[in-house]
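Q: sequence first, predicted model second:
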Amino acid sequence: MLPDEPPQPPASVAAPAALVEAAPAAERPERMNRSAVLWVALAIFAQESVWNFYDAQVPAQLRQFVSSATVIGLIMGLDTGLGVIVQPWTGLISDRLARSRTGRWPIVVAGACVAAVPFALIPWATGLPMLMLCIFAFGLTANSFKGVTETLVSDYVASQQRGRAQGFIKAGVSLTIIVSALISLLVVDHSLKAAFAIPPVLMVVMVALSYCFLGRRHPTALRREDTGTGTGTDTDQADPFSSPWAVLKDLVREPSRARLLLMAGIFCFAGMWAALRSLTTPYGTEVLGMTRGAAGGIALPGAIAFLVCVVPLTYLSHRLGELRMIRYGIALFVAGLLVGFAEPTPAFTAASVALASIGYAVFSVNGLVALWGLAPNNRVLGAYTGLYTVASASGMALGPALLGATVDLTGWRYMFLNAAVLGAVTFAVFTLVARRAGRPLAAAS
């Protein structure tokens, strides 16, 4: 441990780091490294530009070979389910790399280059087996660096400022939804192969730029007090979290079960959002009579609403507490879905998705930061990002299939109402989470 590093209390008795996150602004002398936030946001933008287009267009691609909404939902969930297996391991590996000269960047750069290939090949698939091979290869490689990229913010931004940094990063991520919608509107109906080539090219170029301007500065820019790096080896030898199993054991044995409950809430909300994203384009073609490209553009107003609201929501969350704001976000999400059900027209559907996007923006800003705040120490943030992905990817794997099953039972017309019912269940889960975990997360609010 470095001489100027404050002593860390034992994990079993330490107060959650979120108590620090919720401290008044006057007690936070450090300023956010805006340059670092910019380049981390660019790296995350690079990967999310691919995932958003994937979620918007792959379901329509599957409909060429599969007619059941349930099966489409299952296939869309399977690729994100790979993150449950891959990301805790790559997160833990990245935690070790974070204390080296290269940092986490080798995983990010190599993963982006490899994942670009199967993604670009998706529209070239002439049968379901080849399409499934492309989906599996992309899901495996893209998940290997997705959580690692999101953890970069913890290397370059002080813990007290990570919540606000997440707000600016999510604002940048919302632009990827706009990019995806514009590609759908302007390119898909003219050349599907060209449309699938644009996002992976953007991903590789932007990750390279981010690495050139930030990755090479890692040895000097890395916040050693936050990642636990130092010149000594005692802390490395004494590190009790040497594998994902050790991290999971600590998670299960934590007395208050706050982390497990929070992960349950993450599971529910992520699944609900993934279901809406995956099935909105088919809903537009089946119910609203729109073309595939136009239906893919329904997300554009939501992306704009997300972009406008996400930074103010970050500051509001700092004042009210993470879990309280997430519950408000779920309520707004459900209200938006009911608007879409009440009037099934393109305009009302776009407004519905916009309201739901604002609700999800609240969750996207607060979910990961809240879980980081409950981590036993700052040397396992990559692993905890992997745990966040386990919860969210599990929800994403099951959410589209569950909503698709309700569509098979009731018809596409009732999709938004079905999603609203599932949203009400999610609100109930987060109410339970708030009772158990809300007090430590917002104690200083």
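A: Structure's in. What do you need? Numbers count the residues shown, from 1 in each chain.
Q: for the rest of this, base every contact and every neighbour count on C-alpha atoms.
A: Noted.
Q: so the nearest residue in space to residue 124 that is not next to it in sequence is in which element?
A: Nearest residue to residue 124, sequence neighbours excluded (C-alpha to C-alpha, 6 or more residues apart in numbering): residue 193, at 7.1 Å. Residue 193 is located in helix 192-213, with elements delineated by DSSP states H and E.
Q: list of residues touching stretch 107-126?
A: Here stretch 107-126 makes contact (C-alpha atoms under 8 Å, 6 or more residues apart in numbering) with 47, 61, 94, 131, 134-135, 137-138, 141-142, 144-146, 148-149, 192-193, 196-197, 200-201, 203-204, 207-208, 211.
Q: can you flag the buried ones in the residues you listed?
A: The neighbour-count test (16 or more other C-alpha atoms under 10 Å) applied to the contacts of stretch 107-126 identifies 47, 61, 94, 131, 134-135, 137-138, 141-142, 144-146, 148-149, 192, 196-197, 200-201, 203-204, 207-208, 211 as buried.
Q: do you know how far residue 403 is from residue 278?
A: Taking C-alpha to C-alpha, to the nearest Å as the measure, residue 403 falls 10 Å from residue 278.
Q: overlap in contacts of the two?
A: residue 73.
Q: which element follows the helix or strand hosting residue 329 toward the C-terminus?
A: If you go by DSSP H and E, residue 329 is part of helix 322-342. Remark: after helix 322-342, the chain's next helix or strand is helix 346-373, criterion DSSP H and E.
Q: check which helices and strands that following helix sits against.
A: Helix 346-373 sits against helix 18-21, helix 162-183, helix 258-286, helix 299-320, helix 322-342, helix 381-410, with contacts defined as 3 or more C-alpha pairs under 8 Å, 6 or more residues apart in numbering; DSSP states H and E.
Q: would JSON lines of these with mean pLDDT, mean neighbour count and distance to residue 110 be doable?
A: Shown next, in JSON lines, are those (pLDDT from 0 to 100; neighbours: other C-alpha atoms under 10 Å; distance: least, C-alpha to C-alpha, whole Å):
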{"stretch": "helix 18-21", "mean pLDDT": "36", "mean neighbour count": "21", "distance to residue 110": "33"}
{"stretch": "helix 162-183", "mean pLDDT": "74", "mean neighbour count": "24", "distance to residue 110": "21"}
{"stretch": "helix 258-286", "mean pLDDT": "83", "mean neighbour count": "24", "distance to residue 110": "26"}
{"stretch": "helix 299-320", "mean pLDDT": "78", "mean neighbour count": "21", "distance to residue 110": "29"}
{"stretch": "helix 322-342", "mean pLDDT": "88", "mean neighbour count": "22", "distance to residue 110": "34"}
{"stretch": "helix 381-410", "mean pLDDT": "81", "mean neighbour count": "25", "distance to residue 110": "17"}
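Q: out of those, the one nearest residue 68 is which?
A: When these are compared by C-alpha to C-alpha, helix 381-410 sits nearest residue 68, at 7.4 Å.
Q: quick check: angle from that closest one to helix 258-286?
A: For helix 381-410 against helix 258-286, the angle by axes from the mean of the first three to the mean of the last three C-alpha atoms, to 10 degrees is 40 degrees.
Q: any idea how far residue 63 is from residue 73?
A: Separation of residue 63 from residue 73 (C-alpha to C-alpha) stands at 11 Å.
Q: go on, residue 414?
A: 16 Å.
Q: same question for residue 425.
A: Taking C-alpha to C-alpha, one finds residue 425 at 20 Å from residue 73.
Q: likewise for residue 429?
A: Computed with C-alpha to C-alpha, the distance linking residue 429 and residue 73 is 23 Å.
Q: which of the two has more residues huddled nearby?
A: More crowded of residue 429 and residue 73, by other C-alpha atoms under 10 Å: residue 73, with 26 against 19.
Q: wait, the more buried one touches residue 400, no?
A: Yes - with contact defined as C-alpha atoms under 8 Å, residue 73 reaches residue 400; the gap is 4.4 Å.
Q: what touches both of these two?
A: Taking C-alpha under 8 Å, 6+ apart as the contact rule, residue 73 and residue 400 both touch 275, 278, 279.
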